[in-house]
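Asks: Build me a structure from this.
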Amino acid sequence: MATSSEEPNAAAASADPDCCSCSCWITAAAAVLLRSLRWTTIVLAATNGLVLVGGALLAALALRRCGLREKATVVLAAAAAGARVGAMVGAGVAQEVTATWILRHPAADASVIRRKRRIIHHIDT
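Replies: Residues are numbered from 1 along each chain as shown. Predicted coordinates:
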């Protein structure tokens, strides 16, 4: 039998399929996602996220203390940062969909290349 107090808990945990918290697989998925991104993309997203959060906090703090012009400046800067993050996500999703489609339809890719060659050849002659 087990002499360690951890072994019975480990056996009980492995018997229960719902034991592992959602944070385990979310962390693993995030690690895989981060490995597939370029470091410049990560830095850009992080800084824009900080601008977005900072702008929201400043707007909340400046609600009564500042005038409309100051509030609008902070809110617009935060909104622009949020739009940049949204555009990055949208471009990433579109890029993934395009790459997946190309991988699933290699014959279509070859026909597109042949058609482009014909068009270019026709224009040159």
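Asks: and the residue nearest to the spatial centre of the chain, what element?
Replies: Nearest to the mean C-alpha position of the chain, by CA atoms, centre = their mean, lies residue 89 at 5.3 Å. For residue 89, the host element (DSSP states H and E) is helix 68-104.
Asks: Just the buried positions in that helix, please.
Replies: Neighbour counts over helix 68-104 (16 or more other CB atoms under 10 Å) mark 74, 77-78, 81-82, 84-85 as buried. For every residue, glycine as well, the C-beta is placed using N, CA and C.
Asks: Which elements pack onto it?
Replies: helix 39-61 (3 or more CB pairs under 8 Å, 6 or more residues apart in numbering; DSSP states H and E).
Asks: how far out from the middle of the chain is the helix it packs on?
Replies: 14 Å (CA atoms, centre = their mean, to the nearest Å).
Asks: Show me what that helix is packed up against.
Replies: Checking 3+ CB pairs under 8 Å, 6+ apart, helix 39-61 ends up next to helix 68-104.
Asks: Let me know the angle separating the helix it packs on from helix 39-61.
Replies: 150 degrees (axes from the mean of the first three to the mean of the last three CA atoms, to 10 degrees).
Asks: Let me see the mean pLDDT of helix 68-104.
Replies: Averaged over helix 68-104, pLDDT sits at 88.
Asks: Setting aside sequence neighbours, what's the nearest residue to residue 63?
Replies: residue 71 (7.5 Å; CB to CB, 6 or more residues apart in numbering).
Asks: so who does that neighbour touch?
Replies: Residues counted as contacts of residue 71 (CB atoms under 8 Å, 6 or more residues apart in numbering) are 59, 62-63.
Asks: Which of the residues you listed are buried? Put it as a ChimeraX command.
Replies: Buried members of those, defined by 16+ other CB under 10 Å, are picked up in ChimeraX with:
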select :59
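Asks: Compile the buried residues of helix 68-104 into JSON lines and extend it with columns for distance to residue 45.
Replies: Output for these, formatted as JSON lines (distance: CB to CB, whole Å):
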{"residue": "74", "distance to residue 45": "20"}
{"residue": "77", "distance to residue 45": "16"}
{"residue": "78", "distance to residue 45": "15"}
{"residue": "81", "distance to residue 45": "10"}
{"residue": "82", "distance to residue 45": "11"}
{"residue": "84", "distance to residue 45": "9"}
{"residue": "85", "distance to residue 45": "6"}
